[in-house]
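>>> Build me a model:
(chains A and B, ligands or ions: 1)
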Amino acid sequence: MAARNEAPRRVVVNREGPILVEGPVEVVGDDGTTTRSDRFVVAICTCRRSRTYPWCDTSHRRRKPAGPSESRPDGRQPQEGEEDPRS
Amino acid sequence: MGCGRTRLPDAGAVRRSDPYGDDLQLLLYVLYELHYRGFAGVDERLEWDPALLGVRAAAEDVFLDALRRDCGSGGKDVAEAVDALQLEPVGDDGHSVSHHLQREGELWQLREYAAVRSLYHLKEADPHLWVVPRLRGRAKAAMVAVEFDEFGAGRAENVHAQLFADLMTDLGLDARYGRYLDAAPAQALAVVNMMSLFGLHRRLRGALVGHFATVEITSPPGSRRLARALRRAGAGPAARRFYDEHVEADAVHEQVVRHEVIGGLLEDEPELAVDVVLGIEVTGHLEDLLGDHLLAAWREDRSALRTPLAQP
Ligand code: FES
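Below you'll find the predicted structure:
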């Protein structure tokens, strides 16, 4: 808990990206595991696509459609955050 | 150079040289290095030698003119330029070194990649620090916070340049500073020279910020692919840690640089938008030239270095 005379901890909310919290931060997962980061600001994933969950790894980013030669054999575009299996 | 007997190239010869070629890039690299850690046996006062600074200025004009001509759009829309960086291509567009290495990179290519990148990563974040006295308020506070993280947040063993040295050792490379300068192609020198150019000139502070944002924004996905490439090639834990750290750290830095550093700078000096865009464009251009050079060599199964590495 922040002491009474300290400035409140700042949390920056972003519509498309992570929540930014001033560190250090400990995140408790629903399975009870805790993960800690000492960084000055910590980016907590809100899109649930991160491969380093609970930390953001920029998997929330929108993807640029591939050119014609890049389309997949099944004609499906990879979902956001999904790594193209060939890449 | 140390004893004053060597003849310096005259300004005319500098102006006639290829802006991306070995001669001009090595000239700039050596002159800039005097501002970082210098060279053993070279007089430290040469850092501010007027004759050397004159040659450097001529070489910088050649380089910067070429960069403006070849990739400067003159655009002012910073938000659009930054958004474009955040769009990840789906799959490999054929120019991406990290995609290539993740998919089919062989250990010798990963070693070459690390040797080439060591020019920057062994002085990681150093060129960007020069911009700090030229900023104020939000931009300055945020820039320093990100740099603090790059420099290990007070712990020597976590300085990013040290993490990279550990990676090199894991790959059987020589992690001493400057060891691969002679082996690196001009395209790799150009990337570092751009940072020194932007960092050392106050008038290019906007370009430095645009360049820095590009590095931080494009780093997490690229680092993730490189971490995978290293895992696949069986590299040791220190080699993987460097890129794992960059996925997580730069996902944070990206947000801070975009909103606070760029946002703060443009609030103070909106007329610098055109330079921020220039920094973004130049970074992309020089990274593409380097990537194309590496991939062209590797696709033909030959070394991309000027002198191939010794086997580990
Ligand atoms: S919010 Fe960035 S990866 Fe989920």
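>>> other SSEs contacting the helix or strand harbouring B:Leu286?
Element membership of B:Leu286 [criterion: DSSP states H and E] is helix B:273-299. Judged by 3 or more C-beta pairs under 8 Å, 6 or more residues apart in numbering or on different chains; DSSP states H and E, helix B:273-299 is in contact with helix B:50-71, helix B:78-86, helix B:97-104, helix B:107-121, helix B:186-200, helix B:205-232, helix B:263-268. Every residue, glycine included, has its C-beta placed from N, CA and C.
>>> in the helix or strand following the longest one, what counts as buried?
Proceeding C-terminally, helix B:205-232 gives way to helix B:237-256 as the next helix or strand, assigned by DSSP H and E. Counting neighbours by 16 or more other C-beta atoms under 10 Å in any protein chain shown, one finds that the buried residues in helix B:237-256 are B:238-256.
>>> Chain A next: which of those residues are close?
When contact is defined as C-beta under 8 Å from any C-beta of the partner chain, those meet chain A at B:Asp244, B:Val247, B:Glu248, B:Ala249, B:Asp250, B:Ala251, B:Val252, B:Glu254, B:Gln255, B:Val256.
>>> ok, and the closest non-adjacent residue to B:Tyr243?
Closest residue to B:Tyr243 apart from its sequence neighbours, by C-beta to C-beta, 6 or more residues apart in numbering or on different chains: B:Ala227 at 3.8 Å.
>>> count of residues packed around the one you found?
Neighbour count for B:Ala227, taken as other C-beta atoms under 10 Å in any protein chain shown: 22.
>>> Same question for B:Asp77.
13.
>>> Show the contacting residues for it.
Counting by C-beta atoms under 8 Å, 6 or more residues apart in numbering or on different chains, B:Asp77 makes contact with B:Ala273, B:Val277.
>>> what separates it from the ligand, distance-wise?
Taking C-beta to the nearest ligand atom, to the nearest Å as the measure, B:Asp77 falls 24 Å from the ligand.
>>> cool, B:Glu271 as well?
33 Å.
>>> Check that residue and give its pLDDT.
In this prediction, B:Glu271 carries a pLDDT score of 98.
>>> Remind me which helix or strand A:Arg61 belongs to.
Counting by DSSP H and E, A:Arg61 is found in no helix or strand.
>>> Could you point out which residue ranges in chain A have low pLDDT?
A:1-5, A:64-87 (pLDDT under 70).
>>> Break down it into its strands, ranges please.
A:11-12, A:19-22, A:25-28, A:34-37, A:41-44, A:63-64 (DSSP state E).
>>> Which one, of the ones you listed, ends up nearest to the ligand?
strand A:41-44 (6.7 Å; C-beta to the nearest ligand atom).
>>> Can you report how many residues lie near the closest residue to A:Asp38 other than its chain neighbours?
When the adjacent residues along the chain are set aside, A:Asp38 lies closest to A:Pro24, with 4.4 Å between them (C-beta to C-beta, 6+ apart). Counted with other C-beta under 10 Å, residues neighbouring A:Pro24 total 11.
>>> rewinding a little: from the ones next to chain A among the buried residues of helix B:237-256, pick the one nearest B:His99.
Among these, B:Val247 lies closest to B:His99 (C-beta to C-beta), at 15.5 Å.
>>> Please read off the pLDDT at the closest one from the model.
In this model, B:Val247 carries a pLDDT of 91.
>>> So it is in contact with B:Pro220, correct?
Yes - at 4.9 Å, B:Val247 counts as touching B:Pro220 under the criterion of C-beta atoms under 8 Å.
>>> Now do the shared contacts for these two.
A:Asp57, A:Thr58.
>>> distance of B:Leu294 from B:Leu110?
11 Å (C-beta to C-beta, to the nearest Å).
>>> for B:Gly291, same thing?
15 Å.
>>> Nearest to the ligand among the ones next to chain A among the buried residues of helix B:237-256?
Among these, and counting by C-beta to the nearest ligand atom, the member closest to the ligand is B:Ala251, at 6.5 Å.
>>> OK, contacts around that closest one?
A:Pro18, A:Ala43, A:Trp55, A:Cys56, A:Asp57, A:Thr58, B:Pro220.
>>> ok, 6 Å please
A:Ala43, A:Cys56, A:Asp57, A:Thr58, B:Pro220 (C-beta atoms under 6 Å, 6 or more residues apart in numbering or on different chains).
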